[in-house]
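J.: please work out how this folds:
(chains A and B)
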Amino acid sequence: MSERQNVLHVENATMQFGGVVAVNNLTLDVNQGEIVALIGPNGAGKTTAFNVITGVYQPTNGMVSFMGKPMIRNHPQGKMQKLYKGQNAVMYTGDYKFQAPEGSELSGEALKKAEKEWKQGEKARDKHAFSSHVMDPTPDHITKLGIARTFQNIRLWKSMTVFDNVLIAKHMRAKHNVFSATFRTSRKEEQRMREETEALLREQGLWQFKDDIATSLPYGLQRRLEIARALATDPKLLLLDEPAAGMNPQETLELADFIHEIRDKYNLTILLIEHHMDLVMNISDRIYVLDFGSLIAQGVPEEIQNNQRVIDAYLGVVEDE
Amino acid sequence: MGKKLKTKAAPEQRTGTIIAAACLAVLYIFLFLLDNALPTNSFTVMLIPVLQKGAIFALVCVSMNLLNGFTGLFSLGQAGFMLIGAYSYAIFSIPAEQHKAVYQYFDGGAIQFSIPQILGNVLGPNFGNIIGAVICIIIGGIVAAVFAALIGIPVLRLKSDYLAIATLGFAEILRAFFQWDGLGKITNGSNLLRKYTNFHDMKIQVGGMIYQLDTIFPFLIATISIAIIVLLVNSSYGRAFKSIRDDEIAAEAMGINLFRHKMMSFVISSFFAGVGGALLAMFQTTVQAAPFRTSMTYEILLMVVIGGIGSITGSVIAAFLYIASSEWWLRFLDSGQFMDMSVPFFRDGFRKVVFSVIIMVIVLFFSRGIMGDKELSFTGMIRKFKKKKAAKAAKAEAGKEGDAE
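T.: Residues are numbered from 1 along each chain as shown, chains lettered A, B, ... in the order given. Below you'll find the predicted structure:
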């Protein structure tokens, strides 16, 4: 697995709202072709982590890189410097001083030299890790890089048809401008968008509903449409926020196959949040467990199932017969 | 695959388009006759200004609908942008020899040329007037769009009501700014701008005959502008605007740059508001900043709401109905007479009372406006008619079968 390309790398991401630390020093990696699950009790900060990755929130501290390139970087600024509670908090709260390594008996000149070196080292590290944004990390820019997402509480465009919902997601990658689109000089582009949308809807089995208003569809199909819409943006990484929420067991089973299917078909990497443990254990290559914003465990499903901390915090005791 | 899509929708659409084009042609022939052949009587004297003003406000309403109805930005700056359009138009089209008279308190003003005149020297006065007016109208739109772009940078980061407050404030500031004496050499301070090219100067000469284009001209400009807005709304960008209106967060997550698209919508809407303002200046024959106050924006908003937020045909219909009722059909309520009888409470201002009641009734019973967010189109009508026919046929068939049993 280590030879696979790293798709998403989150490093020491902390998201703090005032004094509340929603995500605390989250570090996670997702590699090409993997299905990785992010689980945890309600309010553990899973969706916040998604919002950090997709640029809805700007993290208080930390870095997110995609396909090996950093796309979000930040460190506590302004008021946040005093409030910051994450890793290396002393660095920002002001008590950040050089301490002689334990056991070493440096004194006088040597100690001063060590302090100077340490300071320079810190400065260089700071400059490297905490230079301000690499890009303007708004959600649309991040989507353009190739990260698409779905929402926990379905966010389809309510007044529009199924067809339009998917067609709009194609807008971002279309090669036209407002004049050529208005005066219909880029008809071919429009035609191409429509054809691709048709193909996608047919593949997803939604073609028969194309003229229906999106929110009139049954719940399961709305979820599917939201995934289809995300696929229309040509993503490399797909973030699914509770795709099985509100589905019955049968639909949940189908969803597992469906996720595998789209991963293989569109060459995707998938990071998902889910509460259905059967589904998660069934489809995930690796699992990260969050509790109160902090990562408490990570590993393959078997490891997680037997991890005492995870059982205490989230999974609960499985009654043996 | 796409081709199949197209042919499927074609027959009704084609008939619909043909009917619409025929209606437009009939309308323009009527307007031409109105301008040239029909006798001047009490009917046409009222009809012509109502049609002119109706066309202008239809355009302004559609431009506001683009912003409020299709992009979901609640902006109340329309009167401000119309003001910019009206002033820009007037300033560039006052004939050179009239500058002394118009700018009498400001040494004849700073700008000493007139675009219609310059073109008139080249193309002949009549044709030059028309082309010059069109150029000045476009300048009015562009100046309004530039102002919109500058205002938009800070203002479009605001949401819902806050955006409305900011744009409203901007329009008021602009009104005061245009009345400022310091700009008198250009805007003539708080004095009128007048004597510029107006609707009555719109005429063409064909083989010795001079044809007036008083009403055709505003209709033509309004039709072209509205057609452009319709094309925009039905394009990929229009869909993106609608997605922002429906759910900003989802739109942004699907790669739509909110700021860029909002700015685009704001600038385009302001451009057409500027064009509307320029036409209004032509209609009024004088321009002053004072009437472009907030109540004008509210009037436009009212028309948009009555027509249906998110419906272009609704806006057009509502604009004509509103202008016609307020300027013409309800006039008799102010006259103190009804059917040759003296009615004491039909006095000045009673028209407004009745008008308010009508609006309240409309808002109560058509809470989503006359058209809601639907469009009135011949294609849609044909489809509906065909469906009804099919349903009837199916029913008859079913009835037959029932009889047979």
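
J.: break chain A into its domains for me.
T.: A:1-75+A:133-146+A:235-321, A:99-129, A:156-234 (automatic domain parsing).

J.: number of residues surrounding residue B:204?
T.: Applying other Cβ atoms under 10 Å in any protein chain shown, we find 15 residues neighbouring residue B:204. Heads up, the C-betas are built off the backbone N, CA and C, glycines and all.

J.: look up how far residue B:223 lies from the residue sitting nearest the centre point of chain B.
T.: Of all residues in chain B, the one closest to the mean position by Cα atoms, centre = their mean is residue B:59, 1.5 Å from it. In this structure, residue B:59 and residue B:223 are 9 Å apart, going by Cβ to Cβ, to the nearest Å.

J.: repeat that for residue B:185.
T.: Applying Cβ to Cβ to residue B:185 and residue B:223 gives a distance of 36 Å.

J.: among the domains of chain A, show the one with the smallest mean pLDDT.
T.: Here these differ in mean pLDDT, and the lowest is domain A:99-129 at a mean of 72.

J.: list the contacts of residue B:137.
T.: Taking Cβ atoms under 8 Å, 6 or more residues apart in numbering or on different chains as the contact definition, residue B:137 lies against B:85, B:89, B:221, B:275, B:278, B:279.

J.: where does it land on pLDDT?
T.: 95.

J.: and it, what element?
T.: Applying DSSP states H and E as the criterion places residue B:137 in helix B:125-155.

J.: what is the rounded mean pLDDT of the very next helix or strand once past that helix?
T.: Next along the chain after helix B:125-155, taking DSSP H and E as the criterion, comes helix B:160-178. Mean per-residue pLDDT for helix B:160-178: 91.

J.: give me the residues contacting helix B:160-178.
T.: B:73-81, B:83-84, B:87, B:147, B:151, B:154-156, B:158, B:183, B:187, B:289-290, B:292-294, B:297.

J.: so how many other residues sit close to residue 258?
T.: Just so you know, I chose chain A. 17.

J.: my question was about chain B
T.: For residue B:258, using other Cβ under 10 Å, the count is 18.

J.: now it: phi and psi?
T.: Backbone torsions for residue B:258, taken as degrees, to the nearest 10, come to phi -60, psi -50.

J.: now the nearest residue to it once chain neighbours are set aside: which helix or strand?
T.: Counting by Cβ to Cβ, 6 or more residues apart in numbering or on different chains, the nearest residue to residue B:258 once its immediate chain neighbours are dropped is residue B:252, at 5.3 Å. Per DSSP H and E, residue B:252 falls inside helix B:248-253.

J.: swap in residue A:8?
T.: Assigned by DSSP H and E, residue A:8 falls in strand A:6-17.

J.: helices or strands up against that strand?
T.: Packing partners of strand A:6-17 (3 or more Cβ pairs under 8 Å, 6 or more residues apart in numbering or on different chains; DSSP states H and E): strand A:20-31, helix A:46-53, strand A:61-66, strand A:269-273.

J.: distance from the helix holding residue B:252 to the middle of the chain?
T.: 30 Å (Cα atoms, centre = their mean, to the nearest Å).

J.: buried residues, it. List them.
T.: Neighbour-count burial for helix B:248-253, counted by 16 or more other Cβ atoms under 10 Å in any protein chain shown, picks out B:248, B:250, B:251, B:252, B:253.

J.: please state the mean pLDDT value computed over that helix.
T.: On average, helix B:248-253 scores 93.

J.: what does that helix contact?
T.: Counting by Cβ under 8 Å, 6+ apart, A:54, A:56, A:138-140, A:143, A:148-149, A:151, A:155-157, A:168, B:72, B:240, B:243-244, B:258 sit against helix B:248-253.

J.: do stretch A:213-222 and chain B meet?
T.: No - counting by Cβ under 8 Å from any Cβ of the partner chain, no contacts exist between stretch A:213-222 and chain B, the nearest distance being 9.4 Å.

J.: and that stretch, end to end?
T.: Start-to-end span of stretch A:213-222 (Cα to Cα, to the nearest Å) is 11 Å.

J.: ok, stretch B:85-104 next?
T.: By Cα to Cα, one end of stretch B:85-104 lies 23 Å from the other end.

J.: quick check: the residue in the stretch 201-321 of chain A that chain B sits nearest to vs residue B:250, distance?
T.: Chain B sits closest to residue A:233 of the stretch 201-321 of chain A, with a gap of 5.4 Å, by Cβ to the nearest Cβ. Here residue A:233 is placed at a distance of 12 Å from residue B:250 (Cβ to Cβ).
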